[in-house]
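A.B. asks: When you get a sec, could you give me coordinates for this:
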Amino acid sequence: MKKYLVLFVALFSLVSCDSSDDLDTTKPEISIITPTDHQEVLPGQTLQFLANVSDNENLASYKIEVHNSDDGHQHRSVIQSYSKEAFSTEIVGSLTGKSQEISHDIQISSEALHGHYHVGIFVIDAAGNQNENFVEIYIGDEDHDH
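C.D. replies: Residues are numbered from 1 along each chain as shown. Presented below is the predicted three-dimensional model:
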């Protein structure tokens, strides 16, 4: 009987010490409010960025980026280089808590190359889970074909 008791205690302690059940594997959620997909912005104007982000545990950080999309690239976590004429910017910040609103005014260069641009946000939670969301805008005058 004593053997069974020792075996039971050993199995119980292994099960109770298994921390894999406690791992946070849920990605943060992101909702971009502005800009809207296919929104047009003139060079020299301010682009308003607004997003709501949330996580089941705890948010950690974010990165907003705007870059030219006319080269047909795919989004990855790696920063890519773009031509010198194309407008690009990056904003990095910290987050706390389970939900937060992120708001930034982004000044578009008056010399920005006209064309399609991606506006995106990457969000990382405290456990290192990452999610991203992108919309496409057009920087240029109102007389364009896209």
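A.B. asks: Which strands border the helix or strand harbouring Glu132, and is each parallel or antiparallel?
C.D. replies: Using DSSP states H and E, Glu132 maps to strand 130-139. Using DSSP bridges, strand 130-139 pairs in its sheet with strand 39-41 (parallel), strand 115-125 (antiparallel).
A.B. asks: So which bits of it are buried?
C.D. replies: Asn131, Glu132, Asn133, Phe134, Val135, Glu136, Ile137, Tyr138, Ile139 (16 or more other Cβ atoms under 10 Å). Glycine gets a C-beta too; all of them are placed from N, C-alpha and C.
A.B. asks: what comes into contact with that strand?
C.D. replies: Here strand 130-139 makes contact (Cβ atoms under 8 Å, 6 or more residues apart in numbering) with 27-32, 35-43, 47, 51, 69, 75, 77, 87, 108, 112-124, 144, 146.
A.B. asks: Chain neighbours aside, what residue packs nearest to Phe49?
C.D. replies: Excluding the flanking residues, the one nearest Phe49 by Cβ to Cβ, 6 or more residues apart in numbering is His104, at 4.7 Å.
A.B. asks: Just say helix, strand or coil for the one you found.
C.D. replies: Under DSSP: H, G, I helix; E, B strand; the rest coil, His104 falls in the strand class.
A.B. asks: are any of the contacts of strand 130-139 buried, and which?
C.D. replies: The buried subset of those (16+ other Cβ under 10 Å) comprises 27-28, 30, 32, 35, 41, 47, 51, 69, 87, 108, 112-115, 117-124.
A.B. asks: thinking again about what came up before, got the strands paired with strand 130-139 as JSON lines, with mean pLDDT and distance to Gly97 columns?
C.D. replies: Listed next are these as JSON lines, based on pLDDT from 0 to 100; distance: least, Cβ to Cβ, whole Å:
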{"stretch": "strand 39-41", "mean pLDDT": "97", "distance to Gly97": "29"}
{"stretch": "strand 115-125", "mean pLDDT": "97", "distance to Gly97": "11"}
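A.B. asks: nearest to Ser61, of these?
C.D. replies: Taking Cβ to Cβ, strand 115-125 is the member of the strands paired with strand 130-139 nearest to Ser61, at 5.1 Å.
A.B. asks: Quick one: name whatever helix or strand follows the lowest-mean-pLDDT helix or strand in the chain.
C.D. replies: Least confident helix or strand, the chain: helix 2-17 with a mean of 47, by mean pLDDT, DSSP states H and E. Using DSSP H and E, the helix or strand that follows helix 2-17 towards the C-terminus is strand 29-34.
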